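Give me coordinates for this.
(chains A and B)
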Number of protein chains: 2
Amino acid sequence: MAKELSAREDNYSQWYTDLVTKADLAENSAVRGCMVIKPYGYAIWERMQAALDKMFKDTGHQNAYFPLFIPKSFFSKEASHVEGFAKECAVVTHYRLKTGPDGKGVVVDEDARLEEELIVRPTSETIIWDTYRNWIQSYRDLPLLINQWANVVRWEMRTRLFLRTAEFLWQEGHTAHATMQEAVDEAEQMLRVYAEFAEEWMALPVLKGVKSPNERFAGAVETYCIEALMQDGKALQAGTSHFLGQNFAKAFDVKFLSKENKQEYVWATSWGVSTRLMGALVMSHSDNNGLVLPPKLAPIQVVIVPIYRNDEQMKAISAKALEIKKMLELRNIRVKYDDRDTQKPGFKFTEWEFKGVPLRIAIGPRDLENGTVEVARRDTLEKEVLQMTGIDQKAENLLEQIQKNLFQKALDFRNLNTFKVETWSEFLEQIEKGGFVVAHWDGTAETEQKIKEETKATIRLIPIEGEQKEGTCVYSGKPSKQRVYFARAY
Amino acid sequence: MAKELSAREDNYSQWYTDLVTKADLAENSAVRGCMVIKPYGYAIWERMQAALDKMFKDTGHQNAYFPLFIPKSFFSKEASHVEGFAKECAVVTHYRLKTGPDGKGVVVDEDARLEEELIVRPTSETIIWDTYRNWIQSYRDLPLLINQWANVVRWEMRTRLFLRTAEFLWQEGHTAHATMQEAVDEAEQMLRVYAEFAEEWMALPVLKGVKSPNERFAGAVETYCIEALMQDGKALQAGTSHFLGQNFAKAFDVKFLSKENKQEYVWATSWGVSTRLMGALVMSHSDNNGLVLPPKLAPIQVVIVPIYRNDEQMKAISAKALEIKKMLELRNIRVKYDDRDTQKPGFKFTEWEFKGVPLRIAIGPRDLENGTVEVARRDTLEKEVLQMTGIDQKAENLLEQIQKNLFQKALDFRNLNTFKVETWSEFLEQIEKGGFVVAHWDGTAETEQKIKEETKATIRLIPIEGEQKEGTCVYSGKPSKQRVYFARAY
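Got it, this is the predicted structure:
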């Protein structure tokens, strides 16, 4: 192999870090906890952004941009929000540097202290609802359906590339509605949008549900979430959508004149996904040969590698390769022709495999004679020799198959690793093995906390789909309204 | 008029601010100097981004993302850079808040002081070149052609929406090359890209040139720029591209092994345009009726307004309007059908005029009878009645004409307001009238400074196109190599 990659089964965590850094997705920067997203990683993120942005616009949302900084006092306005967010934040206290006393370097100019400190946004509910107060007067101004693509900062002590970084990129939707029902519908709609994106684009099966009160977003009345299972059996929260009730409207005094001519507080939602999805993408499909990317998000979908011994062969093969490239591009397939003369075919095969390119087409002198190409699938590592005729259609079909296969594989894995348990000893046994443990819970924060302390497992979600049967809490033996999903999580 | 707008000729500055806020482009936020970009304004910015991003990718660049924060010490590494940038910056000193002593609100936790302060990036050369050190070993790693879309912060004391704000959005390209010539070519190429974007998309004629040493970017060997003339006769720098020599490579120790097997410092460029372009767009074309947007950037290119007295008429007109909308959309024209029943046609006309929609189509009962529509152009305010047949083709043609006309109008204005002067008294007289004053300059910083002090005019650029003749400095009477462009500027 071209690059050293820890085996997935030996050290999953190192395997993940190796993949992210060596496949050129991201790396740590000189600033603690902040990452550099490298061009190859950013190209995947751009495809995620484009797909999500279209889905947001198709559901009536518009983009806008709000300030990076939030006055400190804003955080105290919504009581539970401040508890959840105002603590681990980057705080701007000064607005000027000056030359150091030794005449070298720069030091903070103490004369340039801000009257009120500014917080680098960890999330934007407060500054946005402060703005909405001026935008909303009447029911005619509602609903207000706005999204923002932005960077946010949360001062995390332990960081991991993409999964948990001090600065990350995300989108945050913030909507305002005239009625509670409309806001709930919006929060649920956006959950469905996220689930559709995860499944259709990332080939990542997700469960939909709500969080326990304990795991809710700070300031939310209800937090909807999608949860996915990674290959090491740990769960990962891939997106959240919050019904915020009138909490922020009350905190920032945002009222509207209703159709019935009454002053009422506005109903709110917020919802977001972040570059954390990049981590989920890497962890769901990749293997010991490197990244495996779903075709819909792969920056390069097909790589063509020429196999030749001399210039003459290379010339003939290149002509054919470029012809194929053109045919594929006419079908909007993203193709790279790797004609570097500094590397051997074997090196190129390994490299593009490592980078997760879904399809590889190799063309050698015998292929030219026979009118064939060798096609290799990244997901199954299968190779076959195909007639060159109609290769564009075949490649298109294969890419679709790979997209579907990755989803199915991940779904099978999740199904194999989801266990219904009835007793506490079964719970303990199963949770050690990883996966989702589906068990009855008495609905109390105490039991939730005890289970977390004893097993490190949290309630990932309370399902909102499927059959909901009553039972007995796996821990306390008290009555339970329905089963919930437990797992250890990222 | 629906909205109060100061007259352009009475108070240009207020006219601008009125336009930006009342046409829903942007507004000031609760944070001093930081703006909120509203959905209509952001939709224009998104179109600018999309067009520029494509041009960058077509010239071989890739996007990436670097940290928001830069360690303070990085700024001291490049001597002239620190002078230009490290002074008016947002400084992060702490990473935690805690509940206030009174049990209410939050205060900065003094125990959570950073060992080294972090600066919110005012521009990213330092953090990027610190990263490039690990990315570049050999000539095979070059050129490195990277762009970043990001927010940056410069603590401006006097701010104006879009033109000068503490936080703004921009793109910054940062490239690394093996030879000086390649880097110079890159800087010049990106200047041409910016000029093409300004002229083709914004309908904004620009002059291309280089800055005087005095006006160069802090850390640059040469600063290329495009300059445009606003309707009040003031110049506006619309984009810059810098040849950075080996300054940052030396400051951050970025060397590569050349083909000749020698360790050499890397050559650099950087280039950027920002949301300032939004200000330039507003100021170049708009009038006392509101915004005038070039069709290529207008979020809505055609608005259809029905004129009716009763439901029956409305129904028939709506059917026809939706038919036209569909026809236009098949040509990728962005259309809005304004069927609000809460507003009269006159109100709608004024509103869309104010928002700069290039074309308005009105349909009334008589139009239905006659198979006609009334079409109004925003740029000339001309109206004509056209046959409905082929209206899609006609609209497409009109949009192209409007795009061209806006450019031509702006070009004519600039030509009318560009003056060659030979004497100092002519210079003084002309500079008071506004516009570009093209005069000989002796090339010294002293003369440049004196002229600035006496007239508030700066050298906007030293032309790099056209004929360059020697002469006598308009101020000092000393020899001059070529004429340069002076103006008062934003």
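
what are the ranges of the helices in chain A?
With DSSP state H applied, chain A shows helices at A:12-22, A:39-58, A:72-75, A:79-85, A:125-135, A:180-200, A:247-251, A:276-285, A:311-330, A:345-354, A:365-370, A:391-416, A:424-433, A:445-455, listed in chain order.

Throw the ones you listed into a markdown table and include mean neighbour count, thanks.
The C-beta positions use only the backbone N, C-alpha and C, and glycine is treated the same way. A markdown table is the format used below for those (neighbours: other Cβ atoms under 10 Å in any protein chain shown):
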| stretch | mean neighbour count |
| --- | --- |
| helix A:12-22 | 18 |
| helix A:39-58 | 18 |
| helix A:72-75 | 20 |
| helix A:79-85 | 18 |
| helix A:125-135 | 22 |
| helix A:180-200 | 19 |
| helix A:247-251 | 22 |
| helix A:276-285 | 25 |
| helix A:311-330 | 15 |
| helix A:345-354 | 18 |
| helix A:365-370 | 14 |
| helix A:391-416 | 17 |
| helix A:424-433 | 16 |
| helix A:445-455 | 15 |
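
Turn the ones you listed into TSV, columns for distance to B:M283 and mean pLDDT.
Shown next, in TSV, are the helices of chain A (distance: least, Cβ to Cβ, whole Å; pLDDT from 0 to 100):
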stretch	distance to B:M283	mean pLDDT
helix A:12-22	45	97
helix A:39-58	29	98
helix A:72-75	33	91
helix A:79-85	39	73
helix A:125-135	25	97
helix A:180-200	38	98
helix A:247-251	36	96
helix A:276-285	40	98
helix A:311-330	41	97
helix A:345-354	49	98
helix A:365-370	60	96
helix A:391-416	48	98
helix A:424-433	63	97
helix A:445-455	58	97
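
so which of the ones you listed gets nearest chain B?
Between chain B and those, the shortest gap by Cβ to the nearest Cβ is with helix A:39-58, which sits at 3.8 Å.

what's the angle from the closest one to helix A:12-22?
For helix A:39-58 against helix A:12-22, the angle by axes from the mean of the first three to the mean of the last three Cα atoms, to 10 degrees is 90 degrees.

now for helix A:39-58, which elements pack on it?
Applying 3 or more Cβ pairs under 8 Å, 6 or more residues apart in numbering or on different chains; DSSP states H and E, one finds that helix A:39-58 contacts strand A:144-153, strand A:167-177, helix A:180-200, helix A:276-285, strand B:62-63.

List the neighbouring strands of the first one plus their orientation.
If I follow you right, that is strand A:144-153. For strand A:144-153, the paired strands and their directions (DSSP bridges) are strand A:62-63 (parallel), strand A:167-177 (antiparallel).

Point out the most buried one among those.
With neighbours taken as mean count of other Cβ atoms under 10 Å in any protein chain shown, the strands paired with strand A:144-153 reach their highest mean count in strand A:167-177, at a mean of 23.

Show me how far that one is from its chain's centre.
Taking the mean of its C-alpha atoms, strand A:167-177 sits 13 Å from the chain's own mean (Cα atoms, centre = their mean, to the nearest Å).

That one to helix A:276-285, inter-axis angle?
Angle, strand A:167-177 to helix A:276-285, by the same axes, to 10 degrees: 110 degrees.

where does the spatially most central residue of chain A sit relative to B:P67, distance-wise?
Nearest to the geometric centre of chain A sits A:L277, at 1.6 Å (Cα atoms, centre = their mean). Taking Cβ to Cβ, to the nearest Å as the measure, A:L277 and B:P67 are separated by 20 Å.

was I right about A:T165 contacting A:C34?
Yes. Counting by Cβ atoms under 8 Å, A:C34 is a contact partner of A:T165 at 6.4 Å.

Which of these two has more residues huddled nearby?
Counted by other Cβ atoms under 10 Å in any protein chain shown, A:T165 and A:C34 do not tie: A:T165 has more neighbours, with 25 against 22.

What's the separation between the more buried one and A:A280?
Going from A:T165 to A:A280 by Cβ to Cβ gives 14 Å.

and if you look at A:E88?
Taken as Cβ to Cβ, the span from A:E88 to A:A280 is 23 Å.

Tell me which residues are up against stretch A:252-266.
A:77, A:126, A:129-130, A:132-133, A:136-139, A:141-142, A:176-178, A:246, A:248-250 (Cβ atoms under 8 Å, 6 or more residues apart in numbering or on different chains).

try it again with 10 Å
Outside of stretch A:252-266, the residues within contact range by Cβ atoms under 10 Å, 6 or more residues apart in numbering or on different chains are A:74, A:77-78, A:125-144, A:175-179, A:183, A:244-250, A:267-268.

Show me chain A divided up by domain.
A:12-285, A:302-405, A:418-487 (automatic domain parsing).

first to last residue in stretch A:416-433, what's the distance?
Using Cα to Cα, to the nearest Å, the end-to-end distance of stretch A:416-433 comes out at 12 Å.

Now do that stretch: distance to the chain's middle.
Centre to centre, stretch against its chain (Cα atoms, centre = their mean), the figure for stretch A:416-433 is 27 Å.

Likewise for stretch A:166-173?
With Cα atoms, centre = their mean, you get 10 Å for stretch A:166-173.
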